[in-house]
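Enquirer: Structure, please.
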Amino acid sequence: MKFEKEGKISDPEGLTGDDWNAKGKKWREPQIALAEQFANSNRYKNGKGTCFDIDVESLGEGMVLYFAFLKIMIGLFTVMTILVAPLLVANFSGSRIPNELIGNGLSTFSIVSYGINKGINEYQKNVAH
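Expert: Next up, the predicted model:
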């Protein structure tokens, strides 16, 4: 394992260079504690941070802008969902799609389903009068 920290290269297992597999070079047991310490030093808050105490400003301007954009989009989609809900309910209550064509049921939310299917004969009678 080769570590680079503050410009210094540390190789506790002797794997640096091309001679790592040379005859006569003894195998060294990996130092798990050292590897975990190095891994935690490269993680956010030294590996002790949680998802709930993130200091977004420390992650850079891009992350701040991303979460600001995400907040705006959540609000926008919430408002759009509220605005379209009555239309979805009206379409779902319609019965213009024949039962054999409904399929998985999602078509009942489309504009095609809006209204009542009276049939072509009733429609022609109403138009004639």
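Enquirer: And the strand or helix carrying residue 72, how far out from the chain middle?
Expert: Remark: residue 72 resides in helix 61-93, with elements defined by DSSP states H and E. The offset between the C-alpha centroid of helix 61-93 and the centroid of the whole chain comes to 16 Å, using Cα atoms, centre = their mean, to the nearest Å.
Enquirer: same thing with stretch 40-52?
Expert: Averaged C-alpha coordinates place stretch 40-52 at 21 Å from its chain's average position (Cα atoms, centre = their mean).
Enquirer: Pull up the distance across it, start to finish.
Expert: In stretch 40-52, first residue to last residue: 18 Å (Cα to Cα, to the nearest Å).
Enquirer: Use 26 as the first number from now on
Expert: Okay, residue one is now 26; in that scheme the one you just asked about reads as stretch 65-77.
Enquirer: per-residue confidence averaged over it?
Expert: Throughout stretch 65-77, pLDDT has a mean value of 78.
Enquirer: The chain: helices as residue ranges?
Expert: Read by DSSP state H, the chain holds these helices, from start to end of the chain: 57-66, 86-118, 145-153.
Enquirer: related to what we said a few turns ago, pLDDT of the helix holding residue 97, averaged?
Expert: 91.
Enquirer: buried ones in it?
Expert: Using 16 or more other Cβ atoms under 10 Å as the burial criterion, the residues of helix 86-118 that qualify are residue 116. Where C-beta positions appear, they are placed from N, C-alpha and C, glycine not excepted.
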